[in-house]
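**Q** I would like to see how this sequence folds:
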Amino acid sequence: MTAIPDARARSAADTGFPEVVAEIFTDHLVHNVRALRACCKPDVRLCAPLKADAYGHGLSIVAPVLDRVGVDCAAVATLDEAVALRRTGWRRPILVLGAVLTVGAAGERTARLEAALRHELTLTLADAELLADIDAAVRSAGRTLGVHIKIDSGMGRMGAPIQHAADLIDAVRRCDGLRIDGIYSHFGSAELEDTSLVDGQLAAFHQLLERVGGLLPRDAVRHFANTSATILRADAHFDMVRPGLGLYGYLPAPRLAERVDLRPCLRLKSRVTLVKTLPADHCVGYGCTFRTRRPTRLGIVPIGYHDGYVRALSNRAVIGTPFGDAPVVGRISMDQTAIDVTDLPQAVCGTEVTILDPQRSRPNSVEAIATLLGTIPYEVTCLLGPRIRRIAT
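**A** Next up is the predicted model:
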C-alpha cells in the first residue's frame, strides 16, 4: 500500500490527489542557512522571514528544518501567520512585522493583543497613536508585551519617520506594559550596484542610534540587513540579519552569485494529462493568441493562473520534459496550460514535466521566469497557490 504523505506537509486545499507538486529540498535550505551565517560574524543572530507561507515554499515544511538548524528567531507579516507558525511547533521568538494592532474596533484590538500575548509574540510599533490603549490592555492582563520599533530610514514605507523616532521610543518607555526588545529598519535597494540609497539609509540609522542609544535597553536587538545586505554589507549586520529570499536559495541580483553559494530549494512539477494532434492553422486556447503553423502535437499540463502560473507567461515560457523543453502555446487558463510537444515524440500522457527548475541556468528557473515577467523571484514563489502540494525531499 502506498504511504500517505504527512498531512502537515500539505496545503489546506490538498485532498491527497494533487495535480502539481512542489518539491522542497530541505538539504538546500540547511546549506543556505549555513552559507548566510558564514557571511556574518559569529555573534550576529539570524532571523528567518517565514511570511507568505515561507515565501511559497510551505511553512509546515520550512519551519521545522530551520528550527533544527538553529536559526535564532522568525519574522512573519500577520497575526494569522504567527499563530500558524506556533502550530508547527515553533517555540523560538516570532517578530510580527505588520502593524497588526491598528484596527478601528477596540474589541478586535483587544482580541489581537490577547492572541499576541497567548502565543508570546513580539509586535512591531511604528507610531504612538494607540500606545495608551495598548498599554492599558496589556497591563489589565497582568502581562508585558515585547515590541520592536520600526524606523523608516528612507525607504518611504512602513516605519516611524526617523525625525519622530526618539519621541516614539520615549513614549514606549513610559508604558509599563510594553518592553522594547529591538529597533530595526529595512533597505529599499540593497541589491543595486549604486549604493547611494543604501549608504544614506545606513547613515541615517547609525545617527539615530547615536541619538537614542541611552533610551534603549542594553539588550535591545538592532537589525537592518535583508539578503543583499547580509551578503554585501557587513556594516549593516548590527546584532541580527533578516535574509529572506536568500534562505530559499534565490538571488536578488545575479552578481551576488560571485559572493555566496545559494541553492534554490524548490522544483515545481506536474505531468502531461492529454496529448492530441491539431492540424495546421488551428487555434489554441482563449482568444486564439496562438495558431498552429504545422500539424502539432499538443500536450496539456494541469496548472494555470490559479496556481500562480500567470497568463503573462502565455506563448513565452517553456516547460521542461525529460526529452527537452516544450514551449507554452496559447493563453494559460485558470487550470490548464498547453505545450507544443511536436518535436518531442517520446512525450506522452503521464510524462513528468518540470514547471519551475531548481537549476539557476535553466530557462524555467525561478529567476528566469521572474526576468521574463519583469518582476522579482519573490513574486514567482509567493504566487504558488494552495492547490499545489508541498513535499519535503
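**Q** mind listing what Asp127 touches?
**A** Residues counted as contacts of Asp127 (CB atoms under 8 Å, 6 or more residues apart in numbering) are 160, 168. Every residue, glycine included, has its C-beta placed from N, CA and C.
**Q** any idea how far it is from Ala171?
**A** Relative to Ala171, Asp127 is positioned 10 Å away (CB to CB, to the nearest Å).
**Q** ok, now Arg255?
**A** Here the distance between Arg255 and Ala171 works out to 42 Å (CB to CB).
**Q** In terms of neighbours, single out the busier of those two.
**A** When neighbours are counted by other CB atoms under 10 Å, Ala171 comes out ahead of the other of Arg255 and Ala171, with 17 against 13.
**Q** Would you enumerate the residues in contact with that one?
**A** The contact partners of Ala171, taken as CB under 8 Å, 6+ apart, are 128, 131.
**Q** Per-residue pLDDT of it, please?
**A** For Ala171, the pLDDT comes out at 96.
**Q** how near is the residue nearest to Arg316 when sequence neighbours are not counted to Ala35?
**A** If the residues on either side of it in the chain are set aside, Arg316 comes closest to Leu372, at 5.9 Å by CB to CB, 6 or more residues apart in numbering. As judged by CB to CB, Leu372 and Ala35 stand 27 Å apart.
**Q** Equivalent analysis for Leu192, please.
**A** For Leu192, the distance to Ala35 under the criterion CB to CB works out to 22 Å.
**Q** what pLDDT does the nearest residue to Phe25 once chain neighbours are set aside get?
**A** Spatially, and ignoring its direct neighbours in sequence, Phe25 is nearest to Cys265 (5.0 Å; CB to CB, 6+ apart). Each residue has a pLDDT score; the one for Cys265 is 98.
**Q** same check, this time on Phe323
**A** The per-residue pLDDT reported for Phe323 equals 98.
**Q** could you show me where the strands are in the stretch 51-200 of the chain, in order?
**A** Along the stretch 51-200 of the chain, the stretches classed as strands by DSSP state E, counting those that start in this stretch are 73-76, 94-96, 122-125, 145-152, 160-161, 178-184.
**Q** so who does the residue nearest to Arg316 touch?
**A** 313, 316-317.
**Q** Reformat those residues into JSON lines and put secondary structure next to each item.
**A** As requested, those are exported to JSON lines (DSSP: H, G, I helix; E, B strand; the rest coil):
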{"residue": "Leu313", "secondary structure": "helix"}
{"residue": "Arg316", "secondary structure": "coil"}
{"residue": "Ala317", "secondary structure": "coil"}
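**Q** Pick the one among the residues you listed closest to Ala203.
**A** Distances from the contacts of Leu372 to Ala203 were compared by CB to CB; the smallest belongs to Leu313, at 41.1 Å.
**Q** is it true that the closest one touches Ile369?
**A** Yes. With contact defined as CB atoms under 8 Å, Leu313 and Ile369 form a contacting pair (7.1 Å).
**Q** the more surrounded of those two?
**A** Set Leu313 next to Ile369 and count neighbours by other CB under 10 Å: Ile369 wins out with 27 against 20.
**Q** is it true that the more buried one touches Thr354?
**A** No. Because the distance of 11.9 Å does not satisfy CB under 8 Å, Ile369 is recorded as not touching Thr354.
**Q** Arrange the strands of the stretch 51-200 of the chain in JSON lines, one row each, with mean pLDDT, distance to His237 and mean neighbour count as further columns.
**A** Shown next, in JSON lines, are those (pLDDT from 0 to 100; distance: least, CB to CB, whole Å; neighbours: other CB atoms under 10 Å):
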{"stretch": "strand 73-76", "mean pLDDT": "98", "distance to His237": "15", "mean neighbour count": "24"}
{"stretch": "strand 94-96", "mean pLDDT": "98", "distance to His237": "17", "mean neighbour count": "24"}
{"stretch": "strand 122-125", "mean pLDDT": "98", "distance to His237": "20", "mean neighbour count": "23"}
{"stretch": "strand 145-152", "mean pLDDT": "98", "distance to His237": "17", "mean neighbour count": "23"}
{"stretch": "strand 160-161", "mean pLDDT": "96", "distance to His237": "22", "mean neighbour count": "17"}
{"stretch": "strand 178-184", "mean pLDDT": "98", "distance to His237": "12", "mean neighbour count": "22"}
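**Q** now those strands as JSON lines including distance to Val341?
**A** Shown next, in JSON lines, are the strands of the stretch 51-200 of the chain (distance: least, CB to CB, whole Å):
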{"stretch": "strand 73-76", "distance to Val341": "42"}
{"stretch": "strand 94-96", "distance to Val341": "47"}
{"stretch": "strand 122-125", "distance to Val341": "50"}
{"stretch": "strand 145-152", "distance to Val341": "51"}
{"stretch": "strand 160-161", "distance to Val341": "56"}
{"stretch": "strand 178-184", "distance to Val341": "50"}
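**Q** Comparing Leu192 and Ala35, which shows the higher neighbour count?
**A** Taking neighbours as other CB under 10 Å, Leu192 and Ala35 compare with Ala35 leading, 19 against 14.
**Q** For the stretch 201-350 of the chain, which segments are assigned as helices?
**A** Residue ranges of the helices in the stretch 201-350 of the chain, as given by DSSP state H, counting those that start in this stretch, are 227-232.
**Q** All the strands of it, residue numbers only.
**A** Going by DSSP E, counting those that start in this stretch, the stretch 201-350 of the chain shows strands at 221-223, 240-241, 266-271, 274-278, 283-284, 290-291, 296-301, 318-321, 324-329, 337-340.
**Q** Arrange those strands in TSV, one row each, with mean neighbour count as further columns.
**A** What follows is these, written out as TSV (neighbours: other CB atoms under 10 Å):
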stretch	mean neighbour count
strand 221-223	21
strand 240-241	24
strand 266-271	22
strand 274-278	14
strand 283-284	17
strand 290-291	17
strand 296-301	22
strand 318-321	23
strand 324-329	20
strand 337-340	25
